[in-house]
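A.B. asks: Here is a sequence with its predicted model. Questions after.
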Amino acid sequence: MKILGIVGSTRKDEVSGVHALVGSVLEHTGCEYDLVTLRGKTISGCIACLGCVKDNICKVKDDLAGLRDKIVAADAYVVGAPNYYSTLNAVTHAFMERWFQFRHQTGNLLWGKLAVAVGVGGTSGNYPADELEKFFLYSFIETVAKVTGQGAASCYSCGYGESCQVGIPVMLHGPGVRITAEIIPDVTRQPATMQAAAAAGKLLGERLRSGHDRGRVTQSMQQRLMSMFAHSA
Ligand SMILES: Cc1cc2nc3c(=O)[nH]c(=O)nc-3n(C[C@H](O)[C@H](O)[C@H](O)COP(=O)(O)O)c2cc1C
C-alpha cells in the first residue's frame, strides 16, 4: 500500500504548518509513502480544453504532468493546504482541479481510494480541509479524516505585525499586541492538533490494511455526491 502526500504550502518546510501535519499523518500510517511539495512547481488550473476526455490524460504541459503517475499509482492521499482567503491557496486548488482528467467515462483510476484532508490557517484550517474533502468526493475518494490547525501567519514575521491593522496579530490579540515566540501559533505545539494528525494517520493505515474494498467505497461516495447535488439544486 502506497500513499501520496501533497504539501500545498509554498512556504519553506521548516515554517510550514501544512508540511508538519501532512508529514505527521504520513508517519503514523505505517505505510510506504511519497511526500511531494507543490512549492516551486508551476501548475495551472484546468483550462477546460477537454483534451483528457478520451484517455483521461491531461494535455496541459506543466509540472502536474510529472505527478500524474504518482497520483494514479497511490492507494491513498494525504493532501494539505493553507487557508488563503477562507479557501484553498491557488496552487493546491489548481492541482486538485486538474484531477478532472481522471473523471471521464469509466475513469476509475481514483475511484474508491482513501484520503486525509489537512488544512492550516492563521485563524483556522477548516475551510481548506472542507474544500479538499469536496474535491475528493468528486473522484469518489473517501476522506477518512480531516486534520486542521492554526499556523503562523506571515504577519508575525513581516516586520509590521504589531501595528498593521489588517494583520492577523492585531486582529487576534488587539491593538498594542507584542509579538513574542509564545503567541506565534505553531501546529507542533498544539497537542490536540498533533494527536488528531497521529489518529488520522493510524486510521488511514488501518483502513488500507484491513481489506479495503474500493468498489464499496465508490458506491458509497457516489451516493454521497448525488445527495450533495440533490441538496444544492
Ligand atoms: C495570501 C494569504 C491569504 C491568507 N488568508 C488567510 C485567511 O483567509 N484565513 C486564515 O486563517 N489565514 C490566512 N492566511 C494565513 C495562512 O493560512 C497561514 O500563514 C498558514 O500558516 C499557512 O500555512 P503554512 O504554514 O503551511 O504555509 C493567509 C496567508 C496568505 C499568504
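C.D. replies: Ah, there it is.

A.B. asks: contacting residues for Leu67?
C.D. replies: With contacts defined as CB atoms under 8 Å, 6 or more residues apart in numbering, the neighbours of Leu67 are Val36. C-beta: built from backbone N, CA, C; applies to glycine.

A.B. asks: Distance-wise, check it relative to Val79.
C.D. replies: 12 Å (CB to CB, to the nearest Å).

A.B. asks: what do you get for Thr29?
C.D. replies: Where Val79 is concerned, Thr29 sits at a distance of 14 Å (CB to CB).

A.B. asks: which one of those two has more residues nearby?
C.D. replies: The neighbour count for Thr29 versus Val79, taken as other CB atoms under 10 Å, is higher for Val79 (31 against 24).

A.B. asks: what's the closest non-adjacent residue to the one residue in the chain that gets nearest to the ligand?
C.D. replies: Distance from the ligand to each residue of the chain (CB to the nearest ligand atom) is smallest for Gly151, at 2.3 Å. Closest residue to Gly151 apart from its sequence neighbours, by CB to CB, 6 or more residues apart in numbering: Gly17 at 3.0 Å.

A.B. asks: And Leu38, by the same measure?
C.D. replies: Distances taken as CB to CB, 6+ apart place Val91 nearest to Leu38, at 4.9 Å, with adjacent residues excluded.

A.B. asks: Point out the other helices and strands that the helix or strand that the one you found is a member of packs with.
C.D. replies: If you go by DSSP states H and E, Val91 is part of helix 90-97. Under the contact criterion of 3 or more CB pairs under 8 Å, 6 or more residues apart in numbering; DSSP states H and E, helix 90-97 touches strand 76-84, helix 126-138.
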